[in-house]
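Participant: How does the following fold in three dimensions:
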Amino acid sequence: MITVQATINTPVSKVWECWNKPEHIVNWCFASDDWHAPRATNDLKVGSSYTTRMEAKDGSFGFDLTGIYDEIEVNRLIKYHLEDNRNVIVEFSEDNGTTSVVEHFDPENENPYDMQQMGWQMILNNFKKYVESL
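Facilitator: Here you go, the predicted structure:
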């Protein structure tokens, strides 16, 4: 598994909301400024799914990222699997108004391990920046 993490200077309830509500997801779920997330849907229930559309702003490339929820503990844990059956675990923990977000995910076979870790870390860093700006 690959692990990425961030510490966000915001209480876990706000972090959880920004992580899961589509109106927030579209503002952070991309790795760099030349990409964006024009749409997102999320039905945060076990057995249901989320989909985020990620696209290069110049229109040269885009894809949908879809996950199906396996386990949810509000403000603490989300486990889901992607359409290709790779598993993802997201852990949330709060300490004195600061929230730690740790993501563990199975790597895919197309891109190098380091590239995948860097991309997921960049998205998580973008999440941190977005949440702390609110």
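
Participant: For the chain, which segments count as helices?
Facilitator: Secondary structure of the chain by DSSP state H: the helices cover 12-20, 22-25, 113-133.

Participant: name the helices or strands packed onto the second one?
Facilitator: In this case it means helix 22-25. In terms of contacts (3 or more CB pairs under 8 Å, 6 or more residues apart in numbering; DSSP states H and E), helix 22-25 is packed against helix 12-20, strand 35-42. Every C-beta, even on glycine, is put in place using the N, C-alpha and C of the backbone.

Participant: try 6 Å
Facilitator: strand 35-42 (3 or more CB pairs under 6 Å, 6 or more residues apart in numbering; DSSP states H and E).

Participant: Buried residues of the strand it packs on, list them for me.
Facilitator: Residues 35-37, 40, 42 are the ones in strand 35-42 that count as buried (16 or more other CB atoms under 10 Å).

Participant: who touches it?
Facilitator: 20, 22, 25-26, 29-30, 50-54, 56-57 (CB atoms under 6 Å, 6 or more residues apart in numbering).

Participant: Can you flag the buried ones in those residues?
Facilitator: With burial judged by 16+ other CB under 10 Å, the buried subset of the contacts of strand 35-42 is 20, 22, 25-26, 29-30, 50-54.

Participant: Distance from stretch 11-28 to the middle of the chain?
Facilitator: Centre-to-centre, stretch 11-28 and its host chain are 10 Å apart (CA atoms, centre = their mean, to the nearest Å).

Participant: Now do that stretch: everything it contacts.
Facilitator: With CB under 6 Å, 6+ apart as the test, stretch 11-28 has contacts from 8, 37, 40-42, 44, 52, 75, 92, 94, 97, 99, 126-127, 130-131.

Participant: what's the strand ranked longest in the chain packed up against?
Facilitator: Counting by DSSP state E, the longest strand found in the chain is strand 62-73. Applying 3+ CB pairs under 6 Å, 6+ apart, we find strand 62-73 packed against strand 49-56, strand 77-82.

Participant: could these go into TSV alongside mean pLDDT?
Facilitator: Compiled in TSV, those are given as follows (pLDDT from 0 to 100):
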stretch	mean pLDDT
strand 49-56	96
strand 77-82	98
